[in-house]
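Visitor: Pasting the sequence and the predicted model now:
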There are 2 protein chains.
Amino acid sequence: MDPARRSFLAASCGLPFAAAFTAGQEKPNADPLPSWNDGPAKTAVLDFVAKTTREGSKEFVAKPERVAVFDNDGTLWCENPLPFQVVFAFDSLKRELPKHPEWKDDPAVKAALAGDAAALLADNYKGLLRVLGLTHAGMITDEYDRRVADWLKTAKHPRFDRPYDRCVYQPMLEVLAYLRASGYKTFIVSGGGADFMRVFSERVYGIPPEQVVGSNALTKFELRDGKPVLIKTSEHAFVDDKDGKPVGIHQFIGRRPVACFGNSDGDKAMLEYTTIANPRPAFGLIVHHTDADREYAYDAKPKSSGKLVEALADAPKRGWVVVDMKKDWKTIFPG
Amino acid sequence: MDPARRSFLAASCGLPFAAAFTAGQEKPNADPLPSWNDGPAKTAVLDFVAKTTREGSKEFVAKPERVAVFDNDGTLWCENPLPFQVVFAFDSLKRELPKHPEWKDDPAVKAALAGDAAALLADNYKGLLRVLGLTHAGMITDEYDRRVADWLKTAKHPRFDRPYDRCVYQPMLEVLAYLRASGYKTFIVSGGGADFMRVFSERVYGIPPEQVVGSNALTKFELRDGKPVLIKTSEHAFVDDKDGKPVGIHQFIGRRPVACFGNSDGDKAMLEYTTIANPRPAFGLIVHHTDADREYAYDAKPKSSGKLVEALADAPKRGWVVVDMKKDWKTIFPG
């Protein structure tokens, strides 16, 4: 981690991992993953980074090839009781609805008002895309960014009573910082909207906008009152989920990752793309939500998104590390 | 420039700029742009970098915001007698045509066989996309990469008698290296195909695949014989030219650049997006092809792509620097 980045993180996040990591740099033997309990998952992360970054190691990976991809919902932050962008969409819809009584007959709007996330996410996010289109198409990107930022400042998670961007997993923040300090470039590859995630990714995760791959639609460029603006549209929508994840990785990153972190069957394709027959050493990890007390416990029957059946079944034969959240994580959220 | 990157460039490119730049680092007063003649264009580049990177300068730009975007055809390498990717498409077509006699009736194929680049590039690249679709859709991305790499190894520029990837502009390689050494992240933003450019961008320009924004279409993911592959398709094609350039910048980079380098009206929108009403200091530069002896001379009536009328007319009022290739560049190509 270069000093500029470290001071940037320390200054702008104020998160414990930045401090922990600084300590780790000064004392090379200090633990870079202090929020992880000792066990096979922690050991696997440490071993993979060590062997791919040690000069002379037969599994050494050259710095430009050190690409690590992370799902967001359920991997870096919670996805219950609803994916947070869905909550944002609902809140936006409720705010705009009085101005648009005609929306009430729209099936997607009905599903949203009923809080039916499953209906909105069905058929490759069709309903959600419709709601996002209704509430945000035609909006200038700067205005959209402001709305997301304002929402993050005011909205709170119903169970944890903290801003949504503080419902992030401390152990994963440590993995992100550890990988970057080891010369890895960290990317988000998520079904969430790229424009949505980019509002907070740098501040919260230390991941700059240009390393955020997400669902997206085209904007439209124009000079308005002589000033350049980009207007959000619903056109050319791409859903960065399931098989769309390796497709998005190819489109945005243009090379195969060597490390992939996910938590659901939506991440199975990018885990496969990363780890099967990769000419470089490769690493796959699944966060298994097993902690109903401190967070949530789900897999085959998730409360919202995050169904995990096939990827979990494939984990042993693929060599994917499965994190048992309850057992492997000392803490869940930043203090 | 960190040592790893410098040694990477020195080792893998062997280009003069890497050596020049190393020397520049050791003697801080050495010229980072040795292939530029003294004059207003060179001074403008040096001044912009100095004022945006000097701590305490009122025009200081924080490191994460130092995003510089470069057009490729006509800005980093030649675009005559034809854009090089068009030559590649023609060569691919000629190779595949015997297997597909039915292609002969296709208007795009006819235009290609007649060498009519203007017809292929008309209507937002419609004909070229058709030819690329015919020759490459259904191909695995790894195979496509191999074909581009093989073509670059064997094909030669008809006038300069050197591989196409050596028909790059030495003065611009120096700008790229100088910006990176000054903490800028350099991106290509080009109408050329992202998959095409990514084959050589890291080796030739020091720009990694994840910083290449170009025209693209979706791939399709599948496990073939148990191994993950991505198959090229013609679906969801996006042309990263004209108004598509700021759209592509938003989609792939997610923030406004502070420096933009182009050479044609196709770059006007991204020059506007970069420089007009940008809350940060911003820089725009146009390479004007004025050197028929050493390269080519064109603007209003280009030989292929690269029409330059509107952007040139707007340059004075927008403050865009216009490079007079004949006057401002000491050398054109790497030695």
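Guide: Now that the structure is in, tell me what you want to look at. Residues are numbered from 1 along each chain as shown, chains lettered A, B, ... in the order given.

Visitor: how about stretch A:301-314 as CSV, C-alpha atoms only?
Guide: Backbone C-alpha positions of stretch A:301-314 (Å, rounded to 0.1, in the frame of the first residue of the first chain) are rendered in CSV as follows:
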residue,chain,number,x,y,z
LYS,A,301,-33.7,-20.4,1.0
PRO,A,302,-32.5,-16.8,1.2
LYS,A,303,-34.6,-14.0,2.6
SER,A,304,-34.0,-11.9,-0.5
SER,A,305,-31.1,-12.4,-3.0
GLY,A,306,-28.1,-14.7,-2.3
LYS,A,307,-29.4,-18.2,-3.0
LEU,A,308,-26.4,-20.6,-2.5
VAL,A,309,-26.9,-24.2,-3.5
GLU,A,310,-24.9,-25.1,-6.7
ALA,A,311,-21.8,-23.1,-5.9
LEU,A,312,-21.7,-24.6,-2.4
ALA,A,313,-22.1,-28.1,-3.8
ASP,A,314,-19.3,-27.5,-6.3
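
Visitor: Say whether chain B is contacted by it.
Guide: No - Stretch A:301-314 is not in contact with chain B by C-beta under 8 Å from any C-beta of the partner chain; minimum separation 11.2 Å. Glycine gets a C-beta too; all of them are placed from N, C-alpha and C.

Visitor: my guess is residue A:242 contacts residue A:266, does it?
Guide: Yes - counting by C-beta atoms under 8 Å, residue A:266 is a contact partner of residue A:242 at 5.4 Å.

Visitor: With neighbour numbers in mind, choose between those two.
Guide: Per other C-beta atoms under 10 Å in any protein chain shown, whichever of residue A:242 and residue A:266 has more neighbours is residue A:266, with 25 against 18.

Visitor: For the more buried one, report the pLDDT, please.
Guide: With respect to pLDDT, residue A:266 scores 98.

Visitor: Residue numbers of the stretch 201-335 of chain A in contact with chain B?
Guide: A:202, A:208-212, A:216, A:218-223, A:226-228, A:230, A:236, A:238, A:243, A:246-247, A:250-255, A:269, A:272-273, A:276-277.

Visitor: and those, which of them are in helices?
Guide: In helices, judged by DSSP state H, the following of these are found: A:202, A:246-247, A:250-252, A:269, A:272-273.

Visitor: now the residues you listed in TSV, with pLDDT and neighbour count?
Guide: Formatted as TSV, those follow (pLDDT from 0 to 100; neighbours: other C-beta atoms under 10 Å in any protein chain shown):
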residue	pLDDT	neighbour count
A:202	98	21
A:246	98	28
A:247	98	24
A:250	98	23
A:251	98	23
A:252	98	25
A:269	98	23
A:272	98	26
A:273	98	27
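
Visitor: Could you work out the most separated pair of those residues?
Guide: Spanning the widest gap among those are A:202 and A:272, at 29.0 Å by C-beta to C-beta.

Visitor: Tell me which residues touch residue A:276, please.
Guide: Residues in contact with residue A:276 (C-beta atoms under 8 Å, 6 or more residues apart in numbering or on different chains) are A:318, B:223, B:226-228.

Visitor: Please report the residue range of the longest helix in chain A.
Guide: Criterion DSSP H: the longest helix present in chain A is helix A:117-136.

Visitor: Is there proximity between it and chain B?
Guide: No - Helix A:117-136 lies out of reach of chain B by C-beta under 8 Å from any C-beta, never closer than 13.4 Å.

Visitor: Skip the chain neighbours and tell me the closest residue to the residue of the stretch 51-200 of chain A found nearest chain B.
Guide: Residue of the stretch 51-200 of chain A nearest chain B, by C-beta to the nearest C-beta: residue A:198 (4.6 Å). Using C-beta to C-beta, 6 or more residues apart in numbering or on different chains and skipping residues adjacent in sequence, the residue nearest residue A:198 is residue A:209, 4.1 Å away.

Visitor: so how far is residue A:188 from that neighbour?
Guide: 10 Å (C-beta to C-beta, to the nearest Å).

Visitor: Compare neighbour counts for the two and give me the winner.
Guide: residue A:188 (24 against 20).

Visitor: Enumerate every residue touching residue A:264.
Guide: Per C-beta under 8 Å, 6+ apart, neighbours of residue A:264: A:71, A:74, A:302, A:305-308, A:311.

Visitor: Can you read off the backbone torsions of the residue nearest the centre of chain A?
Guide: By C-alpha atoms, centre = their mean, chain A has its centre lying nearest to residue A:72, at 1.6 Å. For residue A:72, the backbone dihedrals are phi -100, psi -70 (criterion: degrees, to the nearest 10).

Visitor: Touching, it and residue A:188? I think so.
Guide: Yes - in this structure residue A:72 lies within contact range of residue A:188 using C-beta under 8 Å: 5.3 Å.

Visitor: Please identify every residue contacting each of the two.
Guide: Shared contacts of residue A:72 and residue A:188, defined by C-beta under 8 Å, 6+ apart, are found at A:197, A:214.

Visitor: Show me the helices in chain A, by range?
Guide: Secondary structure of chain A (DSSP H): helices at A:3-12, A:16-26, A:40-53, A:84-96, A:107-113, A:117-136, A:141-154, A:170-181, A:194-198, A:201-205, A:244-252, A:268-275, A:310-318, A:325-328.

Visitor: okay, now residue A:316: neighbour count?
Guide: Residues near residue A:316, counting by other C-beta under 10 Å, number 9.

Visitor: ignore the last one, residue A:123
Guide: 10.

Visitor: now swap in residue A:81 and tell me
Guide: 15.

Visitor: now swap in the one 3 residues further on and tell me
Guide: Each residue near residue A:84 was counted by other C-beta under 10 Å, and the total is 23.

Visitor: Touching, it and residue A:73? I think so.
Guide: Yes - with contact defined as C-beta under 8 Å, residue A:84 reaches residue A:73; the gap is 7.4 Å.

Visitor: measure the residue lying closest to residue A:171 once chain neighbours are set aside to residue A:203 for me?
Guide: Closest residue to residue A:171 apart from its sequence neighbours, by C-beta to C-beta, 6+ apart: residue A:35 at 4.4 Å. From residue A:35 over to residue A:203 the distance is 20 Å, taken as C-beta to C-beta.

Visitor: When the two are compared, which one has more neighbours?
Guide: Neighbour count, other C-beta under 10 Å: between residue A:35 and residue A:203, residue A:35 has more, with 24 against 16.

Visitor: what sits against that one?
Guide: Applying C-beta under 8 Å, 6+ apart, we find residue A:35 in contact with A:17, A:170-171, A:174, A:329-331.
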